[in-house]
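Engineer: Fold the following and give me the result.
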Amino acid sequence: MILFRIAFLSLWQARNRTGVLAGAIAFVSALLVMMLGVAEGMNRSLIEASTTLMSGHVNVAGFFKVTAGQGAPVVTKAKSVREVVKRAAPEALYVVSRGRGYAKVVSDQGSTVIGLSGVSVEEEQGLEKVLRMKEGSLADLAKPNSVVLFEDQAARLEVRVGDAVTASTPTTRGVNNTVDLTVVGVAKNLGMMSQFSCFMNAKSLQKLYQLNDDTTGALQVYLPSADLDEVKRVQGRVREALLAAGYQVMPDDPRAFFFKFENISREGWTGQKLDLTTWHDEVSFIAWTVDLMSALSFFLAVVLLAVIGVGIMIVMWISVRGRTREIGTLRAIGMQRPSVLAMFLAEGFLLGAFATVVGTLAGVVLSALLTAVQVPLPQGVQFVLLSEKLVLIPTVRWTLISGAFITAVVTAISFGPALVASRMKPVTAMAHAG
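Structural biologist: The predicted structure follows:
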């Protein structure tokens, strides 16, 4: 404790210099916490958007092949498959059937190609909690030939609630079919993925693709937690249960279903094969952006720390030179070299710890304020951050890791000057003119 006391008094004696260094370290700490908060915000937005638009936590989908070269992303005899899934995953909050499709949607003013998600509103327990309506009502999606678009889709088509659009697409047998739809709602954007998917009445989607009532696109299983380890455990249990029930299941392939068409068309089997995926698999084509943001956060922190570290080292070298007589006196009264080394390391540790705590707290507070203000993002930035608003969520885990990382780096930077100070001979140091 005496070494920490000496270290603290030394820092306090040079408080102007200490304040400048602490301010720089605190800035890096706050910046790192906020950038990691952006990464976590992206992750939460990704989970929210994916489990709203295109995926459950666990998905039981698959492909049905009438001929070896022609497959459709549908699940036949869906009611029987659903019973097996519910028994295998008793902890599931609910299981919903979602149709899957892709169509050219045309209005009087424009056209666009959109992914279609067939929804039965009466069995959807979580959709209305996440989807924020700008116009109309999600409940009206229960009406035949109804569709809910997102803001940007409605803007491209120049339609509002009550307007008519036409969806056109090839059926599973390769025949073009169309259906007239009425816009019953316009939902607020859910980041990048809401650009490519909309909601349609499930029976109308079956009519468009000429499917029977016991055929769906996917069974989506929603669990209490989106934790990937837990989700994969449930996925494994469901897979074993389906195999035990006699269903053919495709090998694990952690990609979104639309990336699998090419492989499926090359395989020689016919009939039904089920495909199990997690929410992370279905958005794997953009999930890498979250990992990239976390990596960039640490890279930027390392670069800034390297710049600040040079300043810290120079200042500590000056401090060692200015305290040469003090070091000689301490060595003369019995302080050993390891203690001198520890004393200067303690200064670096205290400087880093204090500045990091202040910077981390500032980063957490600023993150909360910016998230609460709901800063709107430009269209291009929405594509990157996966959200229409700026969301920063610094987690306890990453906050502690970033604080420990910066404190450790600052302490390590202090090692060189501390080592020089510990190697001074008492007689030489005391004879120094100062």
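
Engineer: where along this structure do the strands fall?
Structural biologist: With DSSP state E as the criterion, the chain has strands at 58-67, 70-72, 94-106, 111-119, 133-136, 146-150, 164-170, 176-187, 197-201, 218-222, 271-278.

Engineer: among the ones you listed, which is nearest residue 291?
Structural biologist: Residue 291 lies closest to strand 271-278 among the strands of the chain, at 16.1 Å (C-beta to C-beta). Backbone N, C-alpha and C define where each C-beta goes, glycine included.

Engineer: and that closest one, C-alpha only, in CSV?
Structural biologist: Extracted as CSV, the C-alpha positions of strand 271-278 are listed here (Å, rounded to 0.1, in the frame of the first residue of the first chain):
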residue,chain,number,x,y,z
GLY,A,271,-39.3,-35.4,-52.5
GLN,A,272,-39.0,-33.5,-49.2
LYS,A,273,-35.8,-32.7,-47.2
LEU,A,274,-36.0,-30.5,-44.1
ASP,A,275,-33.4,-27.9,-43.3
LEU,A,276,-32.6,-26.6,-39.8
THR,A,277,-31.1,-23.1,-39.3
THR,A,278,-30.7,-20.6,-36.6
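
Engineer: mean confidence score for it?
Structural biologist: Computed over strand 271-278, the mean pLDDT rounds to 91.

Engineer: Need the contact partners of that strand.
Structural biologist: Contact with strand 271-278 is made by 55, 57-65, 75-77, 81, 228, 231-232, 235, 238-239, 242, 247-250, 252-257, 260, as judged by C-beta atoms under 8 Å, 6 or more residues apart in numbering.

Engineer: Mind checking which of these land in helices?
Structural biologist: 81, 228, 231, 232, 235, 238, 239, 242 (DSSP state H).

Engineer: contacting residues around the first one?
Structural biologist: In this case it means residue 81. 60, 75, 219, 242, 247, 274.

Engineer: Give me the buried positions along stretch 192-211.
Structural biologist: Neighbour-count burial for stretch 192-211, counted by 16 or more other C-beta atoms under 10 Å, picks out 192-195, 197-206, 208-209, 211.

Engineer: returning to that earlier point: pull the most distant pair out of the ones in helices among the contacts of strand 271-278.
Structural biologist: Of all pairs in these, the most separated under C-beta to C-beta is 81 and 228 at 23.5 Å.

Engineer: Now tell me which of the strands of the chain the model trusts least on average.
Structural biologist: When I compare these, strand 70-72 is least confident, with a mean of 76.

Engineer: tally of neighbours for residue 39?
Structural biologist: Counted with other C-beta atoms under 10 Å, residues neighbouring residue 39 total 24.

Engineer: Could you measure from it over to residue 367?
Structural biologist: With distances taken as C-beta to C-beta, to the nearest Å, residue 39 is found 12 Å from residue 367.

Engineer: now residue 420
Structural biologist: In terms of C-beta to C-beta, residue 420 sits 40 Å off from residue 367.

Engineer: So between those two, which is more surrounded?
Structural biologist: Using other C-beta under 10 Å, the more surrounded residue of residue 420 and residue 367 is residue 367, with 25 against 17.

Engineer: hmm, which of the contacts of strand 271-278 are the buried ones?
Structural biologist: Buried members of these, scored by 16+ other C-beta under 10 Å, are 55, 57-65, 75-76, 81, 231-232, 235, 238-239, 242, 247, 249-250, 256-257, 260.

Engineer: avg pLDDT for stretch 371-384?
Structural biologist: pLDDT averaged over stretch 371-384 gives 76.

Engineer: scratch that, stretch 352-366
Structural biologist: 92.

Engineer: In PDB, list the C-alpha atoms belonging to that stretch.
Structural biologist: What follows is stretch 352-366, C-alpha atoms only, in PDB (Å, rounded to 0.1, in the frame of the first residue of the first chain):
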ATOM      1  CA  GLY A 352      -4.600   4.300 -16.400                       C
ATOM      2  CA  ALA A 353      -7.200   3.000 -13.900                       C
ATOM      3  CA  PHE A 354      -8.500   6.400 -12.900                       C
ATOM      4  CA  ALA A 355      -8.600   7.800 -16.400                       C
ATOM      5  CA  THR A 356     -10.300   4.600 -17.700                       C
ATOM      6  CA  VAL A 357     -13.000   4.600 -15.000                       C
ATOM      7  CA  VAL A 358     -13.800   8.300 -15.800                       C
ATOM      8  CA  GLY A 359     -13.700   7.700 -19.600                       C
ATOM      9  CA  THR A 360     -15.800   4.500 -19.300                       C
ATOM     10  CA  LEU A 361     -18.500   6.200 -17.200                       C
ATOM     11  CA  ALA A 362     -18.600   9.100 -19.700                       C
ATOM     12  CA  GLY A 363     -18.900   6.700 -22.600                       C
ATOM     13  CA  VAL A 364     -21.800   4.800 -20.900                       C
ATOM     14  CA  VAL A 365     -23.600   8.100 -20.100                       C
ATOM     15  CA  LEU A 366     -23.100   9.500 -23.600                       C
END
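
Engineer: Show me how far it is from its chain's centre.
Structural biologist: Remark: stretch 352-366 is offset 23 Å from the chain centroid, using C-alpha atoms, centre = their mean, to the nearest Å.

Engineer: and what of stretch 97-111?
Structural biologist: 28 Å.

Engineer: before we move on, what about stretch 91-104?
Structural biologist: 22 Å.

Engineer: coming back round to it: among the contacts of residue 81, which two are most distant?
Structural biologist: 219 and 247 (12.0 Å).

Engineer: For residue 415, the count of nearby residues, please.
Structural biologist: For residue 415, using other C-beta under 10 Å, the count is 15.

Engineer: confidence score at it?
Structural biologist: Model confidence at residue 415, given as pLDDT, is 83.

Engineer: Residue 6 versus the residue lying closest to residue 10 once chain neighbours are set aside, what's the distance?
Structural biologist: Ranked by C-beta to C-beta, 6 or more residues apart in numbering and with sequence neighbours excluded, the top spatial neighbour of residue 10 is residue 347, at 5.9 Å. Going from residue 347 to residue 6 by C-beta to C-beta gives 9 Å.

Engineer: When the two are compared, which one has more neighbours?
Structural biologist: Remark: of residue 347 and residue 6, residue 347 carries more neighbours, 26 against 18, as counted by other C-beta under 10 Å.
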